[in-house]
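Asker: give the three-dimensional model of this entry:
(chains A, B and C)
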Amino acid sequence: MPATGPLPRGPHPEAPTPMPAHTHYLWFETKRRQEIIDITDEVGNQVRASGIREGFVLVSAMHISASVFVNDHESGLWHDILDWLEGTIAPWEPSRYRHNETGEDNAAAHLRSLTVGHEVIVPITAGRLDLGPWQRVFYGEWDGQRRKRVIIKVLGET
Amino acid sequence: MPATGPLPRGPHPEAPTPMPAHTHYLWFETKRRQEIIDITDEVGNQVRASGIREGFVLVSAMHISASVFVNDHESGLWHDILDWLEGTIAPWEPSRYRHNETGEDNAAAHLRSLTVGHEVIVPITAGRLDLGPWQRVFYGEWDGQRRKRVIIKVLGET
Amino acid sequence: MPATGPLPRGPHPEAPTPMPAHTHYLWFETKRRQEIIDITDEVGNQVRASGIREGFVLVSAMHISASVFVNDHESGLWHDILDWLEGTIAPWEPSRYRHNETGEDNAAAHLRSLTVGHEVIVPITAGRLDLGPWQRVFYGEWDGQRRKRVIIKVLGET
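Answerer: Residues are numbered from 1 along each chain as shown, chains lettered A, B, ... in the order given. Sure, this is the predicted structure:
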């Protein structure tokens, strides 16, 4: 059926939005130098705000001495993680690392970030975080007591 | 003939589908407590079922004591990975970990999941998994003998 | 001016492109067997070439003995990473690993790839890599001196 007016400029008013994205930055300034913080609720809030029903949310530390990871909301485990990073993965001891000859003392925090990773992708199904029953999203601060941030970026279909 | 009625509700019939998503859950119940399982074929099947030609597939364990990773289909290496997780990364020994004071004994499985990661994104090009010649996708069970699952979620353009 | 013929088949000409994808392969052949290479500029160039303004770029090693990671452009740290992989995570020593009974000697490179990861997703905001002030993207070669590659795949909205 022919249209009778000029074709509209820009997206057709009835066409779906192609792939909306929604971006939010979370700021932290931890009291302790190492700290683990549950950010699942903030991530879920941003997914709701995005209006995206099916897609992915990227949660990514914007610093090279921090992590974002998915694990368990259990304080004994958080203690185990900090102990394990110090005792097994990368002891803080500044003199072990060449990076610290630049005047830094946080080379261990970089290696901890590499081990645990700095980002996760959480699937979104029917407008909600599609996590398993015990899965929660955490910010892992390995060199804090200063302002740092995480990007939350949602991509998908409304 | 000119259109005489209201514009249709919903997507324009000639408009492309915006960003289709396809979701599937894989269930596991391993016989051994630690086990490595090649799931590449299941992931490829879901990509075909999705009809998506260009995009990403997220493959993510829905448990905090398991991993999804990309590596080599070689049984000697799988043995090396299990040995390395036990000998170098996080010995099972329950008394080492505060988490296990809750009645659990699987704190080591959590630390193994943090090290290896719990998810991968595989690129999809021309309707197929765009993996290198030796790359395969694996489920790593670090505390099994019970029902657990992985989400496969495909996002992209048809 | 009104259209005089039937509506074209396929996407509506005024409809937005649904979710364009852009794919590029980076090749490497390192001089040393282990090497860390900053590829941020190549990733940024591909994001610009894609025309995508909001989305994700996947940067993923197509080999099981290499990594892609985000960290610091500081040569002392690169030295620390190589030392740490050898001294703490997975010593090269071929006789430690069953994988090497196949005639390989690179089992340690596989374990290093599992620890550091083989891929990252970088968010794209307003057409640019949305990285923190010190974040750079690296290729980590753990078994080089031969041709290997990384896939860069951009997904999002134009």
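Asker: contact partners for residue A:59?
Answerer: Residue A:59 sits next to A:39, A:43, A:68, A:119-122, A:137, A:150-152 when contact means C-beta atoms under 8 Å, 6 or more residues apart in numbering or on different chains. For glycine as for every other residue, the C-beta is placed from the backbone atoms N, C-alpha and C.
Asker: do you know how far it is from chain B?
Answerer: Going from residue A:59 to chain B by C-beta to the nearest C-beta, to the nearest Å gives 12 Å.
Asker: and the next helix or strand past the helix or strand where that residue lies?
Answerer: Assigned by DSSP states H and E, residue A:59 belongs to strand A:54-61. Using DSSP H and E, the helix or strand that follows strand A:54-61 in sequence is strand A:66-71.
Asker: and the host helix or strand of residue A:120 with strand C:66-71, angle?
Answerer: Here residue A:120, judged by DSSP H and E, is contained in strand A:119-125. Between the axes of strand A:119-125 and strand C:66-71, defined by axes from the mean of the first three to the mean of the last three C-alpha atoms, to 10 degrees, the angle is 100 degrees.
Asker: what number of residues are in the vicinity of residue A:88?
Answerer: By the criterion of other C-beta atoms under 10 Å in any protein chain shown, residue A:88 has 16 neighbours.
Asker: also residue A:28?
Answerer: Other residues within reach of residue A:28, judged by other C-beta under 10 Å, total 18.
Asker: wait, it touches residue A:143, no?
Answerer: No: look at residue A:28 against residue A:143 with C-beta atoms under 8 Å: they stay out of range, at 11.6 Å.
Asker: my guess is residue A:130 contacts residue A:122, does it?
Answerer: Yes: using C-beta under 8 Å, residue A:130 makes contact with residue A:122 at a distance of 7.2 Å.
Asker: who has more neighbours out of those two?
Answerer: In this view residue A:130 and residue A:122 are compared by other C-beta under 10 Å, and residue A:122 has more residues nearby, 26 against 20.
Asker: residues contacting the more buried one?
Answerer: With C-beta under 8 Å, 6+ apart, residue A:122 has these contacts: A:43, A:56-57, A:59, A:70, A:129-131, A:137, B:60.
Asker: could these go into TSV alongside distance to residue C:76 and pLDDT?
Answerer: TSV is the format used below for those (distance: C-beta to C-beta, whole Å; pLDDT from 0 to 100):
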residue	distance to residue C:76	pLDDT
A:43	34	98
A:56	35	98
A:57	35	98
A:59	29	98
A:70	31	98
A:129	39	98
A:130	41	98
A:131	38	98
A:137	32	98
B:60	35	98
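Asker: closest one of those to chain C?
Answerer: The closest of the contacts of residue A:122 to chain C turns out to be residue A:56 (C-beta to the nearest C-beta; 7.5 Å).
Asker: number of residues surrounding that closest one?
Answerer: Residue A:56 - counted by other C-beta under 10 Å - has 24 other residues nearby.
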